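>>> only geometry, no sequence info:
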């Protein structure tokens, strides 16, 4: 998945034909043939990752736009930037998330409910059971499938190409770990009249938005790296802390994304909505890169004056409001 190519192709038909799926490496194609029923959930996870990327960057110059049909994120992915680092991480996280849930729901023949050991701090009289999300299996399968493409590459030790492979593997792992480590215990009460005298608990994935929030924090603190002659990544600035397996890394500086550039895949910010009163990245000054902005009025229709009627529906009126909006020149 480069990081994920044409995810919608994964979910066409109940049993996709692996030879017809674009973007798979030879190793991924073999895994596809062995685990065909997994492919729909890989595609589902890929789409979840794309949506989360677009949410997290909705107010940035680069807003995780898809630009063509050959690759989800277009030529931006050819640059080993921190934006590329995030897309690899969130895509890998989406696959772990989807496969783990599919196991719990009984959709895959090779896995079932989570077999995580009972937490030591769980009260003795609470039951450990239920059917938890199988994040262990999701993590292992995503590592095997997503990393297969990178591990098949055989570049010269110390080359820029090898540096990019190591970068991709690091960010894939950071995405998987975010899902794995954020899974937590969920419980349900039992007892007379809801007294909660007894609880059944199980392992449950965190909401994917929380995973996206954490990966966005990792993006903001991503470490700049370079490849050594010995074929390992090292920090560009040794004063910073060495990145852990949970951190994002990048090897190339980011374009400014201000202007459309076919070479880098930047769409530019012309025509993007901006916030006149904000001093952040969504503000007109930063979003428009100093080019200025145009103002226009738009009509917004919203539900308003809602009342609950017994029993059992809500009735609302429609309110029309004319608002000022601003777009970058």
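It's in. Here the structure is a predicted model, which means the values were calculated and not measured.
>>> going by C-alpha atoms from here, please, whenever you check contacts or count neighbours.
OK.
>>> phi and psi next, for residue 112.
phi -140, psi -140 (degrees, to the nearest 10).
>>> give the burial count for it, as a bare number.
Look at residue 112: counted by other C-alpha atoms under 10 Å, it has 20 neighbours.
>>> where does the protein have low pLDDT?
The chain contains residues with pLDDT under 70 at 1-17, 66-76, 191-194.
>>> and it, what are its domains?
14-268, 271-328 (the TED database).
>>> gap between the two ends of stretch 180-200?
Terminal residues of stretch 180-200 are spaced 21 Å apart (C-alpha to C-alpha, to the nearest Å).
>>> in it, which residues are buried?
Neighbour counts over stretch 180-200 (16 or more other C-alpha atoms under 10 Å) mark 180, 182-183, 185, 187, 199 as buried.
>>> quick revisit: could you identify which of the domains of the chain is most buried?
The highest mean neighbour count among those belongs to domain 14-268 (a mean of 19), with neighbours defined as mean count of other C-alpha atoms under 10 Å.
>>> quick one: distance of that domain to the chain centre.
Distance, stretch centre to chain centre, for domain 14-268: 6 Å (C-alpha atoms, centre = their mean, to the nearest Å).
>>> so what's the residue lying closest to residue 237 once chain neighbours are set aside bridging to?
What sits nearest to residue 237 in space, not counting adjacent residues and going by C-alpha to C-alpha, 6 or more residues apart in numbering, is residue 224, at 7.6 Å. Beta-bridge partners recorded for residue 224 (DSSP bridges): residue 250.
>>> settle this for me: residue 224 is touching residue 235, isn't it.
Yes: counting by C-alpha atoms under 8 Å, a contact exists between residue 224 and residue 235, whose distance comes to 6.1 Å.
>>> coming back round to it: and which of the buried residues of stretch 180-200 is nearest to residue 228?
residue 180 (30.5 Å; C-alpha to C-alpha).
>>> tell me where this structure has strands.
For the chain, the strands defined by DSSP state E occupy 127-128, 184-190, 198-204, 223-227, 233-235, 249-250, 260-261, 266-267, 273-274, 293-309, 313-328.
>>> closest one to residue 171 among those?
Proximity to residue 171 (C-alpha to C-alpha) singles out strand 249-250 among those, at 6.7 Å.
>>> same for the closest one, what does it pack against?
Applying 3 or more C-alpha pairs under 8 Å, 6 or more residues apart in numbering; DSSP states H and E, we find strand 249-250 packed against helix 82-104, helix 160-182, strand 223-227.
>>> reformat the ones you listed as a markdown table; add distance to residue 265.
Output for these, formatted as a markdown table (distance: least, C-alpha to C-alpha, whole Å):
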| stretch | distance to residue 265 |
| --- | --- |
| helix 82-104 | 12 |
| helix 160-182 | 18 |
| strand 223-227 | 21 |
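>>> for residue 264, which of the ones you listed is the nearest?
Closest approach to residue 264 among these (C-alpha to C-alpha): helix 82-104, 11.9 Å.
>>> which other helices and strands does the closest one contact?
So helix 82-104, by 3+ C-alpha pairs under 8 Å, 6+ apart, packs with helix 39-56, helix 135-151, helix 160-182, helix 208-220, strand 249-250.
>>> taking their axis directions, that helix and strand 198-204 sit at what angle?
130 degrees (axes from the mean of the first three to the mean of the last three C-alpha atoms, to 10 degrees).
>>> how about the contacts made by residue 94?
44-49 (C-alpha atoms under 8 Å, 6 or more residues apart in numbering).
>>> can I get the residues you listed in JSON lines including distance to residue 27?
As requested, the contacts of residue 94 are arranged in JSON lines below (distance: C-alpha to C-alpha, whole Å):
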{"residue": "44", "distance to residue 27": "20"}
{"residue": "45", "distance to residue 27": "19"}
{"residue": "46", "distance to residue 27": "18"}
{"residue": "47", "distance to residue 27": "22"}
{"residue": "48", "distance to residue 27": "23"}
{"residue": "49", "distance to residue 27": "22"}
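>>> looking at those, which is nearest residue 311?
Ranked by distance to residue 311 (C-alpha to C-alpha), the contacts of residue 94 are led by residue 48 at 37.0 Å.
>>> excluding its backbone neighbours, what's nearest the closest one?
Residue 48 sits nearest to residue 94 (C-alpha to C-alpha, 6+ apart), 5.7 Å away.
>>> tell me the spacing between the residue nearest the centre of the chain and residue 249.
The centroid of the chain falls nearest to residue 90 when counting by C-alpha atoms, centre = their mean (2.5 Å). Distance, residue 90 to residue 249, using C-alpha to C-alpha: 13 Å.
>>> same question, residue 202
Taking C-alpha to C-alpha, one finds residue 202 at 34 Å from residue 249.
>>> swap in residue 147?
As judged by C-alpha to C-alpha, residue 147 and residue 249 stand 16 Å apart.
>>> for residue 217, same thing?
Counting by C-alpha to C-alpha, the separation of residue 217 from residue 249 is 12 Å.
>>> and residue 154, by the same measure?
Using C-alpha to C-alpha, residue 154 is found at 21 Å from residue 249.
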